[in-house]
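Participant: Here is my input; please provide its structure:
(one chain, ligands or ions: 1)
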Amino acid sequence: MAGRIPQHFIDELIARTDIIEVIGSRVQLKRAGREYKACCPFHDEKTPSFTVSPDKQFYHCFGCGAHGTALGFVMEYDHASFVEAVEDLAARAGLEVPREGGAAAAAQPHDELYVALERASLFYRQSLSGEARARDYLSGRGLTADIIQRFGIGYAPARWDALIDRYGTTEDERQVLLRAGLVIERQPDAEHGRSPGCYDRFRDRVMFPIRDTRGRCIGFGGRVLDGSEPKYLNSPETELFHKGRELYGLHEARQATRSLQRLLVVEGYMDVVSLHQAGITFAVATLGTATTPDHLQRIFRLVAEVIFCFDGDRAGRAAAWRALENAVGEVKQGRQIRFLFLPDGQDPDSLVQAEGTEAFETRLAGAMPLSDYLIRELASRSDVASVDGRARLVELARPLVRRIPSDVYRELLVAQLATAVRMPPARLVELLQADAPPPIPLRGDAGAPRPSRPTPAMAGRGNLVRQAISLLVHYPAAGARIPAVEALDGLDRPGVPLLLELLAQLREDPVNSTAALLERWRGRPEYAPLSRLAAGECLVPDAEAAVPEIRSSLERLVTDHALDRLQVLQEKAGLEPLSSEEKAELQALLRSRAQSSRVPGAKR
Ligand SMILES: [Zn+2]
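Facilitator: Residues are numbered from 1 along each chain as shown. Prediction:
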């Protein structure tokens, strides 16, 4: 999306924006030395671990790891899109946002989509009062008029053109309905009715509007009134609606409680509505998907405690395990992650209606901590009485234990696991540590295929590259003062292409802040690793000191590369005749090694 707004404008916008002002207008900041501090707006805390650096124009929370630029902050805090955040900052700086090329859909403000969805939501609510079948269905499920209103539940008439007749009379309007996911384009040969081209997506369904945290409707879930299929139909992915991120009921949960402490994650719309009606107003649901890492991050920015609730059947257990696999990466001190399994054949809706709020609260209080669930499940998959079984359990546990970011929690879990398998904790640690994973590659983000394990020499070089990149991220001004090192061109080592691109970019078009540098990479896979480096510590005090550090890293890379090349050519020479080019290269390498300890750039 960033491509629609010219990069030079983003550069200028960042240069003219003061992150202290942007964040300070939303969060109470306090000066602390060179930086500013606050209680983090993205997680619940009492002592401030959220810091903003005016030098880097970057914020970072040591508690929850949130970090980014002024643009990123506006996107996160205001739940704004990239374009909306740019427009917000531009308005503040008194700049007009220029556009490249034609006005593409992605560059258009989403306002008309919000309007279309809001209108549809109102239309469905109005249609509900005219449809006794739908009202009977909802009262049959035990919902009161109050809760129906609170969740804005409506009804989509059993017609192909109810919505389109009303709001899609012009081509432009139909395009907006399409982009909002409310209508479907008809195949050309199946002409039908008065509205050529499109028909209503939702027909004869009870409609649950899905709202973002600001309360704006971004999509719908529709449920059939009878036994037809599919039972549930969601809006498709649109510019506004991303299934893997949204939580149904989150807006309502935040409305219900001033300071939300915990969330209960269930599986269905009706579960959420029913639980809210019963007074359990911290219930939310994923939208027909498993719990994703995006969900978890959103949850932990709001609350420190989450309970996942699943049906006791096999599908429920499989979904719970997937949630656990994603959740281990979010385990940190102060966070509580628990699992609640309902009796077979029951869902939260039926259960809370059958046994009442208090009994359900008791169940919640008894939900199983993540560690207990993990150990119980692993133990059930392996026979811990036998040596083989214990080995298998260790194998199963290893990838999960390693993903736990908190040392303290990992140790606790290992201690618990050791008891479960009746093994001394030290021995278990040894087994779990066997075959340690390679360091995270710099290119690409987590989830990218990992390269084969590097040799110790390469690992050292990886640190060199990483350190040089980190210095550039912290002090982009230093980059303009590093001359090009030809010898490194085309060197295909992890991180080197990124390092060279950064250097070339900063030489040609210097920037002065970390934020400005990062914004040039937004939308590219390197953005996340670069942001993490920006959030990390830097031991070099300023750009002045960074220049010689970066130079010496580059020199060492050149030296190492030349030595590698020398070794390759020498080995090859022992096996087969070298080409005349190779001979010349080998001689040059040998000469330069003889001349000094520092090897100048080897030829490509
Ligand atoms: Zn935080």
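Participant: centroid residue for the protein?
Facilitator: Asp294 (4.4 Å; Cα atoms, centre = their mean).
Participant: Dihedrals phi and psi, the nearest residue to it once chain neighbours are set aside?
Facilitator: Take Asp294 and drop its neighbours on the chain: the residue closest to it by Cβ to Cβ, 6 or more residues apart in numbering is Arg245, 4.6 Å away. For the C-beta atoms, the positions are set from N, CA and C on the backbone; glycine is no exception. Arg245 adopts backbone torsions of phi -110, psi -30, taken as degrees, to the nearest 10.
Participant: Give me the pLDDT for Arg245.
Facilitator: At Arg245, the model reports a pLDDT of 83.
Participant: right, and it touches Thr291 too?
Facilitator: No - using Cβ atoms under 8 Å, Arg245 is not in contact with Thr291; the gap is 11.3 Å.
Participant: Wait, a helix at Leu233?
Facilitator: No - counting by DSSP: H, G, I helix; E, B strand; the rest coil, Leu233 is not part of a helix but strand.
Participant: bridging residues for it?
Facilitator: Gly222 (DSSP bridges).
Participant: What is the least confident helix or strand in the chain?
Facilitator: helix 456-474 (a mean of 72; mean pLDDT, DSSP states H and E).
Participant: residues touching the residue nearest to Asp294, list them.
Facilitator: Arg245 is in contact with Thr292, Asp294, His295, Arg298, counting by Cβ atoms under 8 Å, 6 or more residues apart in numbering.
Participant: Low-confidence ranges, the stretch 401-550 of the chain, go.
Facilitator: For the stretch 401-550 of the chain, the stretches with pLDDT under 70 are 435-462, 490.
Participant: Pick out the residue of it closest to the ion.
Facilitator: Ala535 (11.4 Å; Cβ to the ion).
Participant: For burial, what's the neighbour tally of that residue?
Facilitator: 20 (other Cβ atoms under 10 Å).
Participant: For it, give its distance to Glu185.
Facilitator: 44 Å (Cβ to Cβ, to the nearest Å).
Participant: Could you single out the nearest of the contacts of Arg245 to the ion?
Facilitator: Distances from the ion to the contacts of Arg245, taken by Cβ to the ion, are shortest for Arg298, at 12.9 Å.
Participant: neighbouring contacts of the helix or strand following the least confident helix or strand of the chain?
Facilitator: Using DSSP states H and E, the helix or strand that directly follows helix 456-474 along the chain is helix 476-479. For helix 476-479, contacts defined as Cβ under 8 Å, 6+ apart pick out 471-472, 502-503, 505-507, 510-514, 516-517, 543, 546-547, 550.
Participant: give me every residue that touches Arg317.
Facilitator: Arg317 neighbours (Cβ under 8 Å, 6+ apart): Phe310, Phe341.
Participant: mind checking how far whichever helix or strand it is part of is from the chain centre?
Facilitator: Using DSSP H and E, Arg317 sits in helix 314-327. In terms of Cα atoms, centre = their mean, to the nearest Å, the centre of helix 314-327 is found 19 Å from the chain centre.
Participant: cool, and stretch 409-424?
Facilitator: On Cα atoms, centre = their mean, the centre of stretch 409-424 falls 30 Å from that of its chain.
Participant: Which positions in it come out as buried?
Facilitator: Across stretch 409-424, burial judged by 16 or more other Cβ atoms under 10 Å covers Tyr409, Arg410, Leu413, Val414, Leu417, Ala418, Ala420, Val421, Met423.
Participant: Over to stretch 379-387?
Facilitator: With burial defined by 16+ other Cβ under 10 Å, the residues of stretch 379-387 counted as buried are Ala379, Ser382, Val384.
Participant: I'd like those laid out as JSON lines, including secondary structure and distance to Thr17.
Facilitator: Output for these, formatted as JSON lines (DSSP: H, G, I helix; E, B strand; the rest coil; distance: Cβ to Cβ, whole Å):
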{"residue": "Ala379", "secondary structure": "helix", "distance to Thr17": "54"}
{"residue": "Ser382", "secondary structure": "coil", "distance to Thr17": "55"}
{"residue": "Val384", "secondary structure": "coil", "distance to Thr17": "58"}
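Participant: which one among those residues gets closest to Arg402?
Facilitator: Closest approach to Arg402 among the buried residues of stretch 379-387 (Cβ to Cβ): Ser382, at 18.0 Å.
Participant: Please verify my assumption that that closest one contacts Gly389.
Facilitator: Yes - between Ser382 and Gly389 there is a contact at 4.4 Å, judged by Cβ under 8 Å.
Participant: now the residue nearest to Asp294: how far from Arg262?
Facilitator: Distance from Arg245 to Arg262, by Cβ to Cβ: 20 Å.
Participant: Same check on Leu569?
Facilitator: For Leu569, the distance to Arg262 - Cβ to Cβ - is 64 Å.
Participant: ok, which residues in this structure are in contact with the ion?
Facilitator: Contact residues, the chain versus the ion (Cβ under 5 Å from the ion): Cys40, Phe42, His43, Cys61, Gly63, Cys64, Ala66.
Participant: Let's have those residues in CSV, adding neighbour count, secondary structure and distance to Leu95.
Facilitator: Converted to CSV, the residues of the chain next to the ion look like this (neighbours: other Cβ atoms under 10 Å; DSSP: H, G, I helix; E, B strand; the rest coil; distance: Cβ to Cβ, whole Å):
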residue, neighbour count, secondary structure, distance to Leu95
Cys40, 23, coil, 29
Phe42, 22, coil, 27
His43, 21, coil, 32
Cys61, 22, strand, 29
Gly63, 20, coil, 34
Cys64, 21, coil, 32
Ala66, 22, coil, 27
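Participant: Check the contacts of helix 476-479 for burial and list the buried ones.
Facilitator: Here, 16+ other Cβ under 10 Å leaves 471-472, 502-503, 505-506, 511-514, 516-517, 543, 546-547, 550 buried among the contacts of helix 476-479.
Participant: Which of those fall in helices?
Facilitator: Judged by DSSP state H, the buried ones among the contacts of helix 476-479 include 471-472, 502-503, 505-506, 514, 516-517, 543, 546-547, 550 as members of helices.
Participant: Now do the same contact list for Leu400.
Facilitator: So Leu400 contacts Leu324, Glu325, Val328, Leu374 (Cβ under 8 Å, 6+ apart).
Participant: Compare the residues you listed and tell me which is most surrounded.
Facilitator: Top of these by neighbour count (other Cβ under 10 Å): Leu374, with 27 neighbours.
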